[in-house]
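Novice: structure for the following, please:
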Amino acid sequence: MIRDAHSRAAEAHERAALAHRTAAEHNEKGDGVAGSWHAERALEYSDHAYKLAQEAHNKSGKILAL
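Specialist: Okay, the predicted model is just below:
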């Protein structure tokens, strides 16, 4: 259960990183519109990943406290 929570958080972080890299690639090519779109997705993915990581951390803390 805890491992699954951490795995979901890690996968979300990976999606955010990929979106950041894609945004950077588009910006380097001068495609600011696509770069901005991917940067927005990256921000959304990052926020989601952060929330999942907090949940996983909180669950881990509860297990340790028992």
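
Novice: how close does residue 61 sit to residue 39?
Specialist: Distance check for residue 61 against residue 39: by C-beta to C-beta, to the nearest Å, it reads 33 Å. (Glycine included, C-beta is placed from N, CA and C.)

Novice: packing partners for the lengthiest helix in the chain?
Specialist: In the chain, ranked by residue count with DSSP state H as the criterion, the top helix is helix 32-65. Here helix 32-65 is seen to pack against helix 2-28 when contacts are counted using 3 or more C-beta pairs under 8 Å, 6 or more residues apart in numbering; DSSP states H and E.

Novice: who does the helix it packs on touch, helix- and strand-wise?
Specialist: Where contact means 3+ C-beta pairs under 8 Å, 6+ apart, helix 2-28 is packed against helix 32-65.

Novice: still on that earlier bit, and residue 61 and residue 39? Which one has more around it.
Specialist: More neighbours surround residue 39 than the other of residue 61 and residue 39, with 18 against 9 (other C-beta atoms under 10 Å).

Novice: surely that one meets residue 25?
Specialist: No. Here residue 39 does not reach residue 25: they are 11.4 Å apart, not a contact under C-beta atoms under 8 Å.

Novice: which residue is nearest the centroid of the protein?
Specialist: With distances taken as C-alpha atoms, centre = their mean, residue 13 lies nearest the centre of the chain, 3.0 Å away.

Novice: now do the same contact list for that residue.
Specialist: Contacts for residue 13 were tallied using C-beta atoms under 8 Å, 6 or more residues apart in numbering; they are 46, 49, 53.

Novice: now the lowest-mean-pLDDT helix or strand in the chain against helix 2-28, angle please.
Specialist: In the chain, no helix or strand scores lower on mean pLDDT, DSSP states H and E than helix 32-65, which sits at a mean of 89. Compare the direction of helix 32-65 with that of helix 2-28 by axes from the mean of the first three to the mean of the last three C-alpha atoms, to 10 degrees and you get 160 degrees.
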